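Colleague: Could you look at this predicted model? Sequence included:
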2 protein chains.
Amino acid sequence: MGRPKGFEPERAVEQAMQTFWTKGYGATSPADLAEATGVGKGSLYHAFGSKRELFDRALQMYCRAGAELTAEVLDRPGTAKERIRAYLVMLVDRDLEGPVPRGCLAANTALELGGRDEEATRAVRRVAEQTIELLRDRIARGQLDGDVAAGVDALAQARLIANTLMGLRVMARTFDRTMLHGVIDSALAGL
Amino acid sequence: MGRPKGFEPERAVEQAMQTFWTKGYGATSPADLAEATGVGKGSLYHAFGSKRELFDRALQMYCRAGAELTAEVLDRPGTAKERIRAYLVMLVDRDLEGPVPRGCLAANTALELGGRDEEATRAVRRVAEQTIELLRDRIARGQLDGDVAAGVDALAQARLIANTLMGLRVMARTFDRTMLHGVIDSALAGL
DNA sequence: CTGATTTTTGACCTGTAGTACAAGAATTCG
DNA sequence: CGAATTCTTGTACTACAGGTCAAAAATCAG
C-alpha cells in the first residue's frame, strides 16, 4: 500500500550515473541530479538517502554494465589479439565520440576519491580486477587456440593491458584518435 | 614603493600546488589555500586575482618541475631501459610513500577539467608531449649507444611508456607496489 | 469513507565557496 | 613629516551545496 513511486529507481540511477560520469562526483549538485532524473530533490533523498549513496548505486551499475560489455566483446569470434584490440578501440572511440570526453567513470572516481574514500576505492579496485581477470582468461584461451604464444605470461599481459586502458582513458581527454590507436598497437605487441 | 609583500609569491604558489595536488581543484577552497600558504584570503586574491589563476600558476610550476626531474633522472648513467625503469619506479614509489596517494597533478587535472576547460587541457597536453619527447630522445640515444635495438620505433615506444605512466598513476590509487612494478616490467619489454 | 502507509512537493535551513571592499599598516619619495 | 603607493586584514555579501521537514497527495485495507 501507500502511494506508488512516480519513477523507476533503476532508471533514475542510470540517469544519475550519466551525470556523475559527465561532470564528476564533486561537481554534480543535487539540483543537477533532480534535473537529470526528473525527480524532485526531496524524492531523491527520500529514495536514496544521500548523494553519496546514490553515487554508490550508480558506480555499481556502471561496473556491472562494464563487465558485461567486456565479456561480450572479448567473446566474439577472432584471435585474442584481434578481440582485445577491438575492445580497446571501442572504448577509446566511444570516449571520443561524445561532445565532451568523459573517460571511464571508475577511473575518474579513482582519481577524484581514490585513497580518500574507502568505499569508492574498493569499488574501483573491484572493477579493475574484474577487467584483468577477463583479459587474462581471454589470453589464456588464445594460448589454447594457438593464436598466442605459449610462453606469454597471461596475467602480466592482462595487467599491462588494463593499465594501458586506464592510461588511454586519461589521454583521451587531451589527445586525438590517431595517437591513441598508435598506443594500442604498441601495447599489443606482446601478444 | 608601497608596502612590501609579506610573503614570497613563488613559495605561496608552491604551497598552493601541494594543496591542489592533494585535494584536487574543485575540492580546494580559498580557506584551504589561505591556511596552506599562511597568507590571508584577501591577500591571495590581491596577489593572484582568482582561485583559477592561482591554479594555473601552480600547474605551470608543477609542469616545469616535472620536466626538469624527468630530464635529470633520464640523463643519469645507464642504459635507456635502466633509466626509464628507474624513472617509472621513482614516480610510482613517490606516489605510494605519502599518507595519501596523490597521483600526478597533470593527470588529475586532465580528468577533472580536461575537455571542459581550454586552459587546463592545453597545459596538460603540453606536459604529456614534453614527457613523450624526453622519452623518445632517451630511447634514440639508447639506439646510438647500442643498448636499444635499432629497429625499435622510438616515438611509438615513448608514447606507450607515457601512456603506461598515466595508467600507473591511476592504478596507484588502488593497487599495491608489487603489482605496479610488475606492470612496469611488462611495459618495458619492447626495449 | 476512514485510517494507515508511502511518496511527492516545496519551503526552509545551515554552512561554505568565491569574491569584493573598506580601513589600516608599511614603505619610499620629496 | 606628509603624500603617495602598495600590501594586509577582516568583514560582508551573494549564491548555491547538501540536506531536512512538514504538509499534501495517492494508494490500499477494512
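Modeller: On my side now, so go ahead. Numbers count the residues shown, from 1 in each chain, chains lettered A, B, ... in the order given.
Colleague: and A:Ala120, what does it touch?
Modeller: A:Ala120 makes contact with A:Leu59, A:Thr109, A:Ala110, A:Leu113, A:Gly114, according to C-beta atoms under 8 Å, 6 or more residues apart in numbering or on different chains. Where C-beta positions appear, they are placed from N, C-alpha and C, glycine not excepted.
Colleague: mind redoing it with 6 Å?
Modeller: A:Thr109, A:Leu113 (C-beta atoms under 6 Å, 6 or more residues apart in numbering or on different chains).
Colleague: in the helix or strand it falls within, what counts as buried?
Modeller: According to DSSP states H and E, A:Ala120 maps onto helix A:118-145. By neighbour count with 16 or more other C-beta atoms under 10 Å in any protein chain shown, helix A:118-145 contains the buried residues A:120-121, A:123-125, A:127-128, A:130-132, A:134-142.
Colleague: going on from it, what's the next piece of helix or strand?
Modeller: helix A:154-171.
Colleague: for that next one, packing partners?
Modeller: helix A:118-145, helix B:154-171, helix B:177-187 (3 or more C-beta pairs under 6 Å, 6 or more residues apart in numbering or on different chains; DSSP states H and E).
Colleague: Kindly recompute the last result at 8 Å.
Modeller: helix A:80-97, helix A:105-113, helix A:118-145, helix A:177-187, helix B:105-113, helix B:154-171, helix B:177-187 (3 or more C-beta pairs under 8 Å, 6 or more residues apart in numbering or on different chains; DSSP states H and E).
Colleague: out of those, nearest to A:Glu8?
Modeller: Ranking those by their distance to A:Glu8 (criterion: C-beta to C-beta) puts helix A:105-113 first, at 20.7 Å.
Colleague: Give me the contact list for that closest one.
Modeller: A:17, A:20-21, A:24-26, A:58-59, A:62-63, A:66, A:102, A:120-121, A:123-124, A:127-128, A:166, A:169-170, B:24, B:103, B:107-108, B:111-112, B:170-171, B:173-174.
Colleague: one more time with 6 Å
Modeller: A:21, A:24-25, A:62, A:120, A:124, A:127, A:166, A:169, B:108, B:111, B:170, B:173-174.
Colleague: so, in contact with DNA strand C or not, it?
Modeller: No: Helix A:105-113 does not reach DNA strand C (C-beta under 7 Å from any atom of the strand); its nearest approach is 14.8 Å.
Colleague: Chain B contacts on chain A?
Modeller: A:26-27, A:100-101, A:107-108, A:110-111, A:114-115, A:121, A:124-125, A:156, A:159-160, A:163-164, A:166-167, A:170-171, A:173-174, A:183, A:186-187, A:189-190 (C-beta under 6 Å from any C-beta of the partner chain).
Colleague: repeat that for 7 Å
Modeller: Taking C-beta under 7 Å from any C-beta of the partner chain as the contact definition, chain A meets chain B at A:24, A:26-27, A:100-101, A:103, A:107-108, A:110-112, A:114-116, A:121, A:124-125, A:128, A:156-157, A:159-160, A:163-164, A:166-168, A:170-171, A:173-174, A:179, A:182-183, A:186-187, A:189-190.
Colleague: Please name whichever of the helices and strands packed on helix A:154-171 is nearest to B:Arg3.
Modeller: Using C-beta to C-beta, those put helix B:105-113 closest to B:Arg3, at 32.6 Å.
Colleague: so how far is the closest one from its chain's centroid?
Modeller: From the chain centre to the centre of helix B:105-113 is a distance of 10 Å (C-alpha atoms, centre = their mean, to the nearest Å).
Colleague: and the lowest-mean-pLDDT helix or strand in chain A, does that touch DNA strand D?
Modeller: Sorting the helices and strands of chain A by mean pLDDT, DSSP states H and E puts helix A:105-113 at the bottom, at a mean of 87. No: judged by C-beta under 7 Å from any atom of the strand, helix A:105-113 makes no contact with DNA strand D; its nearest approach is 11.9 Å.
Colleague: Output that helix in PDB, but only the C-alpha positions, please.
Modeller: What follows is helix A:105-113, C-alpha atoms only, in PDB (Å, rounded to 0.1, in the frame of the first residue of the first chain):
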ATOM      1  CA  LEU A 105      33.600   6.600 -14.500                       C
ATOM      2  CA  ALA A 106      35.700   4.200 -12.500                       C
ATOM      3  CA  ALA A 107      39.000   5.800 -13.400                       C
ATOM      4  CA  ASN A 108      37.600   9.200 -12.800                       C
ATOM      5  CA  THR A 109      36.400   8.100  -9.400                       C
ATOM      6  CA  ALA A 110      39.700   6.600  -8.600                       C
ATOM      7  CA  LEU A 111      41.400   9.900  -9.200                       C
ATOM      8  CA  GLU A 112      38.700  12.000  -7.500                       C
ATOM      9  CA  LEU A 113      38.100   9.900  -4.500                       C
END
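Colleague: In chain A, where is pLDDT below threshold?
Modeller: A:2 (pLDDT under 70).
Colleague: Give me the distance between the two termini of stretch A:71-84.
Modeller: 11 Å (C-alpha to C-alpha, to the nearest Å).
Colleague: ok, back up a step: and the helix holding A:Ala120, is it in reach of DNA strand D?
Modeller: No: Helix A:118-145 lies apart from DNA strand D when judged by C-beta under 7 Å from any atom of the strand; the minimum separation is 13.7 Å.
Colleague: quick one: that helix to helix A:80-97, angle?
Modeller: 140 degrees (axes from the mean of the first three to the mean of the last three C-alpha atoms, to 10 degrees).
Colleague: How far away from the center of its chain is helix A:118-145?
Modeller: Remark: helix A:118-145 is offset 12 Å from the chain centroid, using C-alpha atoms, centre = their mean.
Colleague: show me the contacts for the residue nearest to A:Arg138 when sequence neighbours are not counted.
Modeller: Spatial nearest neighbour of A:Arg138, excluding adjacent residues (C-beta to C-beta, 6 or more residues apart in numbering or on different chains): A:Leu74 at 4.6 Å. By C-beta atoms under 7 Å, 6 or more residues apart in numbering or on different chains, A:Leu74 lies in contact with A:Arg83, A:Tyr87, A:Leu134, A:Arg138.
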